[in-house]
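Participant: Let me see the structure of the following:
(2 chains)
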There are 2 protein chains.
Amino acid sequence: MLRARRFPRVPSNASAMTDAFAFSVHAVDGAARVGAIATPRGEIRTPAFMPVGTAATVKAMYPGDVRALGADIVLANTYHLMLAPSAERVAALGGVHKFMNWPHPILTDSGGFQVMSLAKLRKLDERGVVFQSHVDGSRHELTPERAMEIQRLLGSDIQMQFDECVRLPCARAEADRAMRLSLRWAERSKAAFGTQPGRAIFGIVQGGVETDLRVESARALTEIGFDGYAIGGLAVGEPQAEMLATIEAVAPHLPPDRPRYLMGVGTPDDLLESLSRGVDMFDCVMPTRAGRHGMVFTRRGRLNLRNARFADDPRPIDERSSAPAARDYSRAYWRHLVKAGEILAMMGLTAINLTYYQELMAGARRAIAQGGLADYVAEVKAGWAEGEKTGA
Amino acid sequence: MLRARRFPRVPSNASAMTDAFAFSVHAVDGAARVGAIATPRGEIRTPAFMPVGTAATVKAMYPGDVRALGADIVLANTYHLMLAPSAERVAALGGVHKFMNWPHPILTDSGGFQVMSLAKLRKLDERGVVFQSHVDGSRHELTPERAMEIQRLLGSDIQMQFDECVRLPCARAEADRAMRLSLRWAERSKAAFGTQPGRAIFGIVQGGVETDLRVESARALTEIGFDGYAIGGLAVGEPQAEMLATIEAVAPHLPPDRPRYLMGVGTPDDLLESLSRGVDMFDCVMPTRAGRHGMVFTRRGRLNLRNARFADDPRPIDERSSAPAARDYSRAYWRHLVKAGEILAMMGLTAINLTYYQELMAGARRAIAQGGLADYVAEVKAGWAEGEKTGA
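Facilitator: Numbers count the residues shown, from 1 in each chain, chains lettered A, B, ... in the order given. The predicted model follows:
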């Protein structure tokens, strides 16, 4: 086991309250790092999992409960909010934090990924992308300049450059073209971001699963200079091994003193494997979406509560979870609610999953600080395997 | 204004903790009464509004939050629970209180009303009713004996006799026939209920809007003898005036020392008018169903949050509500969530409505105790009218 190397805290980051955006690494364990991002809206402990609040709501959760279960930051989607209720409306109402009653940090994506995955009739060129809303067919444009303007209007603490995200698998020439376009958009995004004290802009590494393109993208973004660096365009269907190989190839070429954010990832296993390779931030719809569909993540693996074997099961989901929903009701009750399509099932199972994700990250942070990440990962995976074996 | 007459409390009911089911009237104001039902599971303050927890869940609410906003008792539906997950399964899991994590009193209906309104292919005769599930078409039978057996298996604190509820308008001969059948079923229900210490069985007055039939039903049920008396078959589309006239005609023929329960009612105005005529208990899906559809009840009347006029409205729903959802978010935010079909809208607006209903009842209880019910009702209605006038 590697012994953790401890870094002295940078004095200006020593307090959680700060006027500046700043990242500090407190300890490393192998490639993994534990640290914190200081922002005027509070500290983000890293590695961090960011619950997804697409339309300015983490689905089926009160914001106070999202906070109470351990989240320091949530993500909101530029694409959804520009369509409804519109960035200008949110700005007039005092910004997205006030709008959704979440006074803590918020990261917004740039809309690029959703335009590719949700919108209809896209026309993409050097300037940006014109598309039709998936809701009402109305016509909209996103450019690097407009994407940054929207994020500024929302009042986002961490804003993402506008990029083009290709689908995998993807021809090398296509990955190359999109990566270079994303680099040109990165420069325009940074210029449009300007100076916003206490707020940050992150660049996004692209390049498909072509390692050399990824490295070139990482180096060029570092040259431009960002407050943090995201790895985009992964977890879009490729095998986990390819995703991890890409992270391993890219991480060494990103500045060690800036946070690394793996976008849209993933399963609990993806998170452990990726943070072990130096990733500091994650977001994913998995815990919330799975919860709405009757699946929970636990110390003992996944449970699909639609399964008939839970119909008479008086046991709680997990008596050691800090989520009341995991302790105070039987599996039989959750199965009943899931089968009946009851909203309480979506609420309770979402809360259980988000709690599990946060507990997983808190455990990883403790383990990295103590130089025991490998043991922690092995122990967590043994719990999943044991649960799958015994059906519990 | 009438001065409230105060009754001495019956010693055996003086404590909220009791082994017996007992009702005590603490004060009256005109026909209205304020009091309490003592049960082994806690006290029910009357007049009481019971949130509806059809499938053993008050939709979109954690049970702890239902309790916290002031509900002493919830209703669960025999029809739904017999179909899924089944009364025998709930019993094996420890009863409906444990199943839904609600340790406080629960009232169950007998299934009769839902069989008439939801089930398919009914065959009704003296013995009972055979019907097909509205979910999967499976065949089931409900008789007075089976309806009581199900409620006993669920472990319900207040169990309802099995009755036949006719649709209004209804020919006199049909109302007469159903009322007499319900009386015979009342006797069989009471015999099947047997002796269950700490639990109660209520009879149900039927007879459509035929006053003489209602009075005959009330007298005959009193002759049989029940722990409480419900008025069924109202609020099924008839004008409010007909409903209130029926309550006025029936109430004097019900024992004054037993609670009176108006089933399935109603709007805030229905509640005030009915409790003014001597009703002690209510249940209705209105606050929960309306909340799920974007409508809230407030001190200033109803707000339909689908309305475009709320799109830029920064004001809270009601800054004086004790519901955080009514205070901590703008109307613009709720409108956004309602339009987007977000679950949080259903959660928050349901909580706002249930809070309003409980606050309305708490205010009525205080007013009756002080002999000021008429003033209270006038003041509440003035608030609604003022809100409707100013659009707030």
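Participant: So A:Gly278 sits against A:Arg260, correct?
Facilitator: Yes - if you go by Cβ atoms under 8 Å, A:Gly278 and A:Arg260 touch, sitting 6.1 Å apart. From N, CA and C alone the C-beta is placed, and that goes for glycine too.
Participant: who touches A:Leu272 in this structure?
Facilitator: Applying Cβ atoms under 8 Å, 6 or more residues apart in numbering or on different chains to A:Leu272 gives the contacts A:360, A:364, A:377, A:380-381.
Participant: List only buried entries from those residues.
Facilitator: For the contacts of A:Leu272, a neighbour count by 16 or more other Cβ atoms under 10 Å in any protein chain shown gives the buried set as A:360, A:364, A:377, A:380.
Participant: Then the third one would be within a strand, right?
Facilitator: Spelled out, it's A:Val377. No - applying DSSP: H, G, I helix; E, B strand; the rest coil, one finds A:Val377 to be helix, outside a strand.
Participant: returning to what we had before: quickly list what's touching both of A:Gly278 and A:Arg260.
Facilitator: A:Ala251.
Participant: Out of the two, name the residue with the larger neighbour count.
Facilitator: A:Arg260 (28 against 21; other Cβ atoms under 10 Å in any protein chain shown).
Participant: any idea how far the more buried one lies from A:Phe226?
Facilitator: A:Arg260 sits 11 Å away from A:Phe226, going by Cβ to Cβ, to the nearest Å.
Participant: Next: A:Gly387.
Facilitator: Counting by Cβ to Cβ, the gap from A:Gly387 to A:Phe226 is 40 Å.
Participant: Kindly report the same for A:Arg299.
Facilitator: 36 Å.
Participant: what's the closest non-adjacent residue to the residue of the stretch 151-300 of chain A found nearest chain B?
Facilitator: Closest contact between the stretch 151-300 of chain A and chain B, by Cβ to the nearest Cβ, is at A:Arg292 (7.9 Å). Of all residues not flanking A:Arg292 in the chain, A:Met346 sits nearest, at 4.5 Å (Cβ to Cβ, 6 or more residues apart in numbering or on different chains).
Participant: Which one of A:Arg299 and A:Phe226 is surrounded by more residues?
Facilitator: A:Phe226 (23 against 18).
Participant: Hmm, the more buried one is touching A:Phe193, no?
Facilitator: No - using Cβ under 8 Å, A:Phe226 is not in contact with A:Phe193, being 9.4 Å away.
Participant: Any chance of the contacts of A:Leu272 in TSV with secondary structure as columns?
Facilitator: Putting the contacts of A:Leu272 into TSV (three-state DSSP) gives the following:
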residue	secondary structure
A:Leu360	helix
A:Ala364	helix
A:Val377	helix
A:Val380	helix
A:Lys381	helix
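Participant: quick one: which two of those residues are the most distant?
Facilitator: Greatest spatial distance among the contacts of A:Leu272 (Cβ to Cβ): A:Ala364 and A:Lys381, at 12.5 Å.
Participant: hang on, the earlier thing: just name the closest of the contacts of A:Leu272 to chain B, please.
Facilitator: Chain B has its nearest neighbour among the contacts of A:Leu272 in A:Leu360, at 23.8 Å by Cβ to the nearest Cβ.
Participant: need the contact list for the closest residue to the closest one other than its chain neighbours.
Facilitator: Nearest non-adjacent residue to A:Leu360, counting by Cβ to Cβ, 6+ apart: A:Pro268, 5.6 Å away. Residues near A:Pro268 by Cβ under 8 Å, 6+ apart: A:297, A:356-357, A:360, A:380, A:384.
Participant: One more: A:Val25?
Facilitator: A:7, A:33-35, A:256-257.
Participant: Give me the buried entries from the residues you listed.
Facilitator: Of the contacts of A:Val25, these count as buried by 16+ other Cβ under 10 Å: A:33-35.
Participant: from those residues, which is closest to B:Met100?
Facilitator: A:Val34 (41.0 Å).
Participant: tell me the secondary structure for the closest one?
Facilitator: Assigned by three-state DSSP, the conformation of A:Val34 is strand.
Participant: repeat for A:Asp283
Facilitator: Following three-state DSSP, we place A:Asp283 in the strand state.
Participant: ok, now A:Glu319?
Facilitator: Put simply, A:Glu319 is coil when judged by three-state DSSP.
Participant: Around it, count how many other residues there are.
Facilitator: Neighbours around A:Glu319, by other Cβ under 10 Å: 9.
Participant: Which phi and psi values does A:Gly237 adopt?
Facilitator: Dihedral angles of A:Gly237 (phi, psi; degrees, to the nearest 10) stand at phi 120, psi -10.
Participant: which residues sit in contact with the closest residue to chain B within the stretch 201-350 of chain A?
Facilitator: Residue nearest to chain B within the stretch 201-350 of chain A: A:Ile343 (4.2 Å; Cβ to the nearest Cβ). Contacts of A:Ile343 were listed using Cβ under 8 Å, 6+ apart, and they are A:60, B:59-60, B:292, B:343, B:346-347.
Participant: Next, the buried residues of stretch A:132-143.
Facilitator: Those buried within stretch A:132-143 under the rule 16+ other Cβ under 10 Å are A:133, A:140, A:142-143.
Participant: how about the CA coordinates for it, as CSV?
Facilitator: The C-alpha trace of stretch A:132-143 is given here as CSV (Å, rounded to 0.1, in the frame of the first residue of the first chain):
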residue,chain,number,x,y,z
GLN,A,132,-34.8,22.7,-32.5
SER,A,133,-36.1,22.2,-28.9
HIS,A,134,-37.0,18.6,-28.1
VAL,A,135,-40.0,20.0,-26.2
ASP,A,136,-41.8,22.3,-28.7
GLY,A,137,-39.6,22.4,-31.8
SER,A,138,-38.7,26.0,-31.3
ARG,A,139,-35.4,27.1,-33.0
HIS,A,140,-32.4,28.0,-30.9
GLU,A,141,-28.7,28.7,-31.3
LEU,A,142,-25.8,27.8,-29.1
THR,A,143,-22.3,29.3,-29.7
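Participant: same question for that stretch, mean pLDDT?
Facilitator: The average pLDDT for stretch A:132-143 rounds to 92.
Participant: neighbouring contacts of that stretch?
Facilitator: A:79, A:82-84, A:110-112, A:115, A:118-121, A:127-131, A:162, A:188.
Participant: among those, which are in strands?
Facilitator: A:120-121, A:129-131 (DSSP state E).
Participant: Farthest pair within the residues you listed?
Facilitator: Greatest spatial distance among the ones in strands among the contacts of stretch A:132-143 (Cβ to Cβ): A:Lys120 and A:Val129, at 11.9 Å.
Participant: Those two - which one has more neighbours?
Facilitator: A direct count of neighbours by other Cβ under 10 Å for A:Lys120 and A:Val129 places A:Val129 higher, at 21 against 10.
Participant: Please name the residues that touch the more buried one.
Facilitator: Neighbouring residues of A:Val129 by Cβ under 8 Å, 6+ apart: A:112, A:115, A:122-123, A:141-143, A:164.
Participant: With B:His253 as the reference, measure out to it.
Facilitator: 74 Å.
Participant: Centre of the chain to the helix or strand harbouring A:Arg152, how far?
Facilitator: A:Arg152 is part of helix A:144-154, with elements assigned from DSSP states H and E. Between the centre of helix A:144-154 and the centre of its host chain there is 20 Å, according to Cα atoms, centre = their mean, to the nearest Å.
Participant: which other residues reach it?
Facilitator: Residues contacting helix A:144-154 (Cβ under 8 Å, 6+ apart): A:76, A:78, A:81-82, A:87-88, A:90-91, A:95-96, A:106, A:108, A:110-112, A:128, A:159-162, A:185-186, A:188-189, A:192-193, A:196, A:201.
Participant: rerun that using 7 Å as the cut-off
Facilitator: Identification of contacts with helix A:144-154 by Cβ atoms under 7 Å, 6 or more residues apart in numbering or on different chains yields A:78, A:81-82, A:87-88, A:90-91, A:95-96, A:108, A:110-111, A:128, A:159, A:162, A:185, A:188-189, A:192-193, A:196.
Participant: Repeat that for stretch A:115-123.
Facilitator: Taking Cβ under 7 Å, 6+ apart as the rule, stretch A:115-123 contacts A:79, A:129-134, A:142, A:165.
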